[in-house]
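Enquirer: the following comprises the amino acid sequence and a computationally predicted model.
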Amino acid sequence: MISDPVEWLKLVGSIGGLASSGFLIYDRVYRFRPIVYLQPQKGSVYLCVRNVANETLVIDRIDVSPKVFAVSMKGNKDDFVSRVDASVDAMFGTETDGESRTFSVLGPLEERSFQLNALKECDALNSDDKIRIRCIWRTTRRPWPIRLPRHSPPRV
């Protein structure tokens, strides 16, 4: 049992520090992650990405492994990759060493759908085969809450 009041103060301070560290890790890693889900519509399947943050989200790449689906962004106002281009990229690879050309910018609290087009290889899958869809994204968050001046102001 702790009898010294200073030891009690240390204990309370260390518990507060651990709680603060846990919240900081949660806030930076998990809080504003986009929500990604599959949604069937009109005989097709769409990959929906919802930006839950109040800042712009940049989707750099959407990869499907194994390559049984092509990601099409046709129909979105800012994306110009057609369904044929997405299928050709998925079948033959791209000029950038196999990296996908998927690039999209979502505004704050915006949602965007990407159509998944089944390729011929999809018919060869077994019912227990797993398909992995991976989204590479980044935010436009600044590391500092205030804008620091690039140069110090002149002293008078």
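Expert: Looks like it arrived, so ask away.
Enquirer: quick one: contacts of whichever strand or helix holds Gly22?
Expert: For Gly22, the host element (DSSP states H and E) is helix 5-29. Here helix 5-29 makes contact (CB atoms under 8 Å, 6 or more residues apart in numbering) with Ile2. The C-beta positions use only the backbone N, C-alpha and C, and glycine is treated the same way.
Enquirer: past it, which element shows up next along the chain?
Expert: With elements assigned by DSSP H and E, the helix or strand that comes after helix 5-29 is strand 35-41.
Enquirer: verify the stated contact: Val58 with Arg138.
Expert: Yes: between Val58 and Arg138 there is a contact at 5.2 Å, judged by CB atoms under 8 Å.
Enquirer: looking at these two, which one has more neighbours?
Expert: Set side by side, Val58 and Arg138 give different neighbour counts by other CB atoms under 10 Å, the larger being at Val58 (13 against 10).
Enquirer: separation between that one and Thr139?
Expert: 7 Å (CB to CB, to the nearest Å).
Enquirer: cool, and Phe114?
Expert: Between Phe114 and Thr139 the distance, using CB to CB, works out to 19 Å.
Enquirer: looking at these two, which is more packed in?
Expert: Summary of the neighbour comparison: Phe114 and Thr139, criterion other CB under 10 Å, with Phe114 having more neighbours (27 against 14).
Enquirer: contacts only, for that one.
Expert: In this structure, Phe114 makes contact with 46-49, 62, 71-73, 102, 104, judged by CB under 8 Å, 6+ apart.
Enquirer: try it again at 7 Å.
Expert: With contacts taken as CB atoms under 7 Å, 6 or more residues apart in numbering, Phe114 has the following neighbours: 46-47, 62, 71-73.
Enquirer: rebuild those residues as TSV, extending it with neighbour count and distance to Leu38.
Expert: As requested, the contacts of Phe114 are exported to TSV (neighbours: other CB atoms under 10 Å; distance: CB to CB, whole Å):
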residue	neighbour count	distance to Leu38
Tyr46	17	7
Leu47	20	6
Ile62	24	12
Val71	25	12
Ser72	24	14
Met73	23	16
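Enquirer: understood, closing this out.
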